[in-house]
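Chemist: after the sequence you'll find the predicted model.
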Amino acid sequence: MIAELGLAALWLSAALAVLQMVSGALGLRDGASPHALYARPAAVVQAFLATLAFFLLLYAFAVTDLSIKLVATNSHSAKPFIYKLTGTWGNHEGSMLLWIAVLALSGGLLGGLERRMPEKTMSATLMVQGFVALGFYAFLILSSNPFERLPVPAVEGSGLNPLLQDIGLAIHPPTLYIGYVGLSVAFSLAMGALITRQVTPDFAKVMRPWVLGAWVFLTFGITAGSYWAYYELGWGGWWFWDPVENASLMPWLAATALLHSVSVLAARDALRTWTIMLGVLAFSMSMLGTFLVRSGVLTSVHAFAVDPERGAFILGLLGLYIGGALVVFAMRASSIAEGKRFTATSREGALVFNNVMLSAILAIVLLGTLYPLLTEAFDVRVSVGPPYFNPAGAIFAIPMFIVMAIGPLLRWKDDKPGRIQFEAAMLAAIVIAIVALVAVLGDYAILPLLGLALSVALAVAAFLPLRGRNIRRVPTATWGMVLAHFGVAVSLFGMACESAFTSERLAAVAPGDTTQVADWTVTLESVDPVAGPNWTAIEARVLASRGDEEPTVLTPQARNFWSPPQPTSESALITRLDGQLYAVIGDSAGVDANGKERWQLRVWWKPFVTFIWYGGLLIALGGIVSIVGRLQVDLKRRKAKALGDARRDDLDEIKGGDTLPEPAE
Amino acid sequence: MKAKHQRMTLVVLALVAIVAAGLIATWALRSQANYFYLPEQMAAEPPAVGQPVRLGGMVQAGSIETQADGITVNFVVTGNENSTRRVTYSGILPDLFVEGSGVVAEGSLQADGTFLATNLLAKHDENYVPRELEGLEGHKGNEDYAETVAGLD
């Protein structure tokens, strides 16, 4: 019964998407048809039904309903309860249902709450949103029905890939998906504004929280995914330039550019068509990411669910939406009124530069990711790896970081570069001093060294916009920018230190043996068999200490899951402020001279590696702070409007107007 | 500068940067074309000694030998054309590294003709086949490939 209800809810939602689309289109005509009024309620009811469908599937997983094919193939009655729940989206169909539910919820929020936009633009936006949703309903119902029944209920489920039975993977995909879907709303808004030619600062103010929100979730998702790969795959790496990783990085790069340009549009009424173009690009990258991950055209260390037919479906949707968007763009772009002008040496100029650098990095990643596909068409198999991505990306990343450091110090519209020459010289001195110092100390690769120096300069630069201001009167959104930029510096610092200074020790040790890595002393105490709910393992007890401190116990495991049968490595970590000690236990390594059994033990000391993810969290936090700041300003403004008194002008002045700079994150 | 000129400047700037990125990418990718080798390719056109490359192939049955130190492993990878390459790797073997399965080794060619691997690309699913190795003889994974179940990015 549950499955049938879920499927019915999905069909009804799809029907409502049609209603929303048609009503939205009717609202576009002059003297809007009364039927246009159905667009908003259609979006709201659809949100309710799609969410209901998702919760019904969640329930089916919770009770392990083995008459549903999806549950039988992806779950098992013996699985820990939390992973039964997270298993709901630990598969293709369930994750696409989650995607749809989030899409419908966003549409419902937009249709139900957003009142600031002109009604016509809202109609156009809801029409596009309905159209996008309809494509995904069709995809889900026709090619990936999550509620399909088995002719005969299964006796037992076949389990979930053990690598997914981890809290990191339980939270990483939904956050990424929310980010992807948030960009679809930015896309609908951009298309709506383009269709009615209302690309104005007011429109940008409506779009901005959606872009910020999507970007926060993408940032968090990428950070969580990187940390998961780092500790769960047991190889000690945090970024692989793997196609699936790139699939999430590309929308993030586009969203970062969009975020900055939508802020310029909201604050300064410039970059109108550029912002629309980035809105289209960002959602294209989300869809391309989904296509790459879901289609199996690329394999990757992360590739799980693949199906060429589904890939073709998503590719069709991609072509339809993006092709359609580009046609509308080509027809309308020339009729979008000009925005305000600015000079090259202004805050806008710096933001444009960074936008262009981000787009260039995006092009580098995109080409590197798709290149193996292209050559394969000519039957040449190649792999593209770090030797390509690192230097090619750095060519554009380094100038971007430099302008990122000084851009927020520039004034809007027009500035004299000489005004900030002291700050610029100070930052340059920091970079040169650090590069010189570390180069003298040892033989290090140039890229990590530059990264290290730039990160310190960026960290200092991040706080410069606060200088000389009354800290309590700094707008909340400016704090968001400061935090996010500081987060970039922190992340970059972690990446550079990890690349330059990691020490590694690989040893065959018998219980009682001791080995050394950096200034850590590591002793294998014992190796014992242990068992979990659906796995058995050998577990090493390892004591690690440095200096005179008390040893800490580490218990890395080599696990064997029995349904499906698969081994995994569970690394063990000691986290300190200045880095992480990372231990993995391997196979038996024969017996030593005394006849005692030896084990392979691999230990890394990774200085400041955790900064990579702390930085990611800070960046996301900066985004959240910015959203809160924007909402505060909106609320104040609404209140002032309601009061209708003279205070409104004061508020406008505090907020920014034309005299005080409004921050663009 | 007129507004129209400003827009043109923006468009030109963006185009120049994107084209530059494209050219850099193309140039860098062309030099990457010899980043991945099958054993027969490595025999025909060996990369420079010490240059970081990837070597892919099947682990030859019966070729895995663990050295006395317990952590160094020697094995032989085979390609399509009876060509083989001896690989030395010090480290913990990936969970699913077995004889007769595909492997991609990152490392460099040594002066003595062996391949010193610094990293064996860990596959984490019994059905996973590195794309570069698809179609190699005797690969069990190929048939199961499309059936791979479970999971997320």
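Modeler: Cool, the structure landed.

Chemist: make it CA atoms for all contacts and neighbour counts henceforth
Modeler: Noted.

Chemist: what's the pLDDT at the most centrally placed residue in chain B?
Modeler: In chain B, the C-alpha nearest the mean C-alpha coordinate belongs to residue B:54, at 4.2 Å (Cα atoms, centre = their mean). Here the pLDDT value assigned to residue B:54 is 88.

Chemist: over to residue A:94?
Modeler: In this model, residue A:94 carries a pLDDT of 90.

Chemist: and for it, the neighbour number?
Modeler: When counting by other Cα atoms under 10 Å in any protein chain shown, one arrives at 26 neighbours for residue A:94.

Chemist: against which helices or strands is whichever helix or strand it is part of packed?
Modeler: Assigned by DSSP states H and E, residue A:94 belongs to helix A:92-113. Counting contacts by 3 or more Cα pairs under 8 Å, 6 or more residues apart in numbering or on different chains; DSSP states H and E, helix A:92-113 packs against helix A:39-62, helix A:119-138, helix A:167-195.

Chemist: for those, give me JSON lines that also has mean pLDDT.
Modeler: Listed next are these as JSON lines, based on pLDDT from 0 to 100:
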{"stretch": "helix A:39-62", "mean pLDDT": "96"}
{"stretch": "helix A:119-138", "mean pLDDT": "94"}
{"stretch": "helix A:167-195", "mean pLDDT": "89"}
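
Chemist: what about the strands in chain B?
Modeler: All strands of chain B, identified by DSSP state E, fall at B:36-37, B:53-59, B:65-66, B:72-78, B:84-90, B:102-109, B:115-120.

Chemist: who touches the second one?
Modeler: Right, strand B:53-59. Here strand B:53-59 makes contact (Cα atoms under 8 Å, 6 or more residues apart in numbering or on different chains) with B:34-39, B:47, B:75-79, B:98-108, B:132-133, B:136.

Chemist: give me the buried stretch members for the lengthiest helix in chain B, please.
Modeler: Looking across chain B with DSSP state H, the single longest helix is helix B:3-32. Counting neighbours by 16 or more other Cα atoms under 10 Å in any protein chain shown, one finds that the buried residues in helix B:3-32 are B:6-7, B:10, B:14, B:17-18, B:21-22, B:24-26, B:28-29, B:32.

Chemist: then stretch A:564-577?
Modeler: Applying a neighbour-count criterion of 16+ other Cα under 10 Å, one finds A:564, A:566-573 buried in stretch A:564-577.

Chemist: next: stretch A:3-12.
Modeler: Of all the residues in stretch A:3-12, those buried under the rule 16+ other Cα under 10 Å are A:3, A:6-7, A:9-12.

Chemist: one more: stretch A:413-431?
Modeler: Buried positions in stretch A:413-431, judged by neighbour count with 16+ other Cα under 10 Å: A:413-415, A:424, A:427, A:430-431.

Chemist: just give me the closest of these to residue A:281.
Modeler: residue A:413 (26.1 Å; Cα to Cα).

Chemist: residue A:369 contacts residue A:244, doesn't it?
Modeler: No: here residue A:369 does not reach residue A:244: they are 9.2 Å apart, not a contact under Cα atoms under 8 Å.

Chemist: could you check the pLDDT of residue A:473?
Modeler: Predicted confidence (pLDDT) at residue A:473: the value is 86.

Chemist: from residue A:266, how far off is it?
Modeler: For residue A:473, the distance to residue A:266 equals 21 Å [Cα to Cα, to the nearest Å].

Chemist: higher neighbour count, these two?
Modeler: Taking other Cα under 10 Å, residue A:473 and residue A:266 do not tie; residue A:266 has more neighbours (23 against 8).
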